[in-house]
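[1] One predicted model, sequence on top.
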Amino acid sequence: MAVDFKSLTEATSGAVGGLLSTTLLYPLDTCKSKYQAEAKAGVARKYKSLFDVFWESVRAGKVLSLYQGLGTKNLQSVISQFIYFYSYSLFKQWYLAKAKVSKMGTGTNLLVAAAAGTCTAVLTQPLDTASTRMQTSAFGKSKGLWATLTEGSWSEAYTGFGASLVLVSNPAIQYTVFEQLKDFLLRPTVVVEAVDTDKKIRRISPKVLTAFQAFLVGALSKTTATILTYPAIRAKIMLQAAESEEDKAIRLNGGENPNVRKRARNMLEAFQQIGQEEGVRGYFKGLHAQIVKTVLSAALMLMIKEKVNGSTWLIMTALQRWLLASDNKLKTVTLPPSVIAPIGMVGIALASKAAK
């Protein structure tokens, strides 16, 4: 099977962008996740704002714990971004070739992005669950990746998978908005210059977005997607959140902590709990934190991807040429007579022996 270098370029540049943006904004992501995952009700609520999480780490002298689970999150980010961009580019090229068109419409773009998101969710859900558990563990008490993955059944590694499937619409919306705005900004500009009685038409179109354009378009596209899908985002975080040792001990002894909700088993139960205890506003608890983190992350990732894409394409093109050259050399290799003659004699001898 031939390697699709264009899809590979998109996937590689997307993975690099995801890795750098995730690392830069990880402390904010940890604060956001712990704030969203809090299941305590009423006056027992520990975090009243995103900053309460940060100050807790400062008071406890465990600021570095804001980075707990960073390795797992980076691994998940690189793999998921690579799979997403590779499958998105592959599906897009397949559709354009089948439909014999130059670009996709909005509806098709949504379907292609959703298909790519589904592939990503299926393959990376255990890493997603593990990274959320590690982030939402008590500061300084996060376990390693393998211990986190194996502390329960493998089915628990897919906790929140239903919400993840619903949330494939998030990147679908995000990248559809991004691509449409990008096409608008990069559309050819026609400049007409009069020369005597003739007219010269020159088309000017930049090859890529500028860093500032990519940042703004990325921020706008992610904001739109986040607002539309946020209730499912909060439900997913609640389902995947780590359970404190105290609450776990109470649950295993058959008791219940009155200040903590009974853990929901699926997205619908999480929605019911939020509605009953927090009302409609509860579905959007932490929205501002989600927007700040994800918008910055997506904007940085897309900005880095656009900047890295050109260099990555040059590397991939050089690699492709090297592979083709190597393949051609192998096809044109000729053996000297001094080597061919002994091989021929051995072949004749073996054939004679087989005939007897």
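    Great, that's in hand. Numbers count the residues shown, from 1 in each chain.
[2] For the rest of this, base every contact and every neighbour count on C-alpha atoms.
    OK.
[3] residues touching L19, list them.
    Going by C-alpha atoms under 8 Å, 6 or more residues apart in numbering, L19 touches 74, 77-78.
[4] Check which helix or strand it maps to.
    Here L19, judged by DSSP states H and E, is contained in helix 5-24.
[5] Next, the buried residues of that helix.
    By 16 or more other C-alpha atoms under 10 Å, the buried positions in helix 5-24 come out as 6-23.
[6] Check stretch 176-183 too.
    Neighbour counts using 16+ other C-alpha under 10 Å place 176-182 of stretch 176-183 among the buried residues.
[7] Can you give the contact residues for that stretch?
    106, 109-110, 113, 209, 217-218, 221.
[8] again, only this time at 10 Å
    Contacts to stretch 176-183, defined as C-alpha atoms under 10 Å, 6 or more residues apart in numbering, come from residues 103-113, 170-173, 175, 184-187, 208-209, 213-214, 216-222, 224-225, 302.
[9] For F54, report the pLDDT, please.
    Looking at F54, its pLDDT is 90.
[10] list the helices and strands whichever strand or helix holds it packs on?
    Taking DSSP H and E as the definition, one finds F54 inside helix 50-59. When contacts are defined as 3 or more C-alpha pairs under 10 Å, 6 or more residues apart in numbering; DSSP states H and E, helix 50-59 packs onto helix 26-37, helix 287-331.
[11] Tell me which residues of the shortest one come out buried.
    Of the residues in helix 26-37, those with enough neighbours to count as buried (16+ other C-alpha under 10 Å) are 26-37.
[12] Using PDB, write down the CA coordinates of stretch 281-294.
    What follows is stretch 281-294, C-alpha atoms only, in PDB (Å, rounded to 0.1, in the frame of the first residue of the first chain):
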ATOM      1  CA  ARG A 281     -26.700  26.900  34.600                       C
ATOM      2  CA  GLY A 282     -25.000  23.700  35.700                       C
ATOM      3  CA  TYR A 283     -24.700  22.500  32.100                       C
ATOM      4  CA  PHE A 284     -22.500  25.400  31.500                       C
ATOM      5  CA  LYS A 285     -20.500  25.400  34.700                       C
ATOM      6  CA  GLY A 286     -16.900  26.200  33.800                       C
ATOM      7  CA  LEU A 287     -17.700  27.300  30.300                       C
ATOM      8  CA  HIS A 288     -15.500  30.400  30.600                       C
ATOM      9  CA  ALA A 289     -12.600  28.200  31.700                       C
ATOM     10  CA  GLN A 290     -13.200  25.700  28.900                       C
ATOM     11  CA  ILE A 291     -13.200  28.500  26.400                       C
ATOM     12  CA  VAL A 292     -10.100  30.200  27.700                       C
ATOM     13  CA  LYS A 293      -8.100  26.900  27.700                       C
ATOM     14  CA  THR A 294      -9.400  25.200  24.600                       C
END
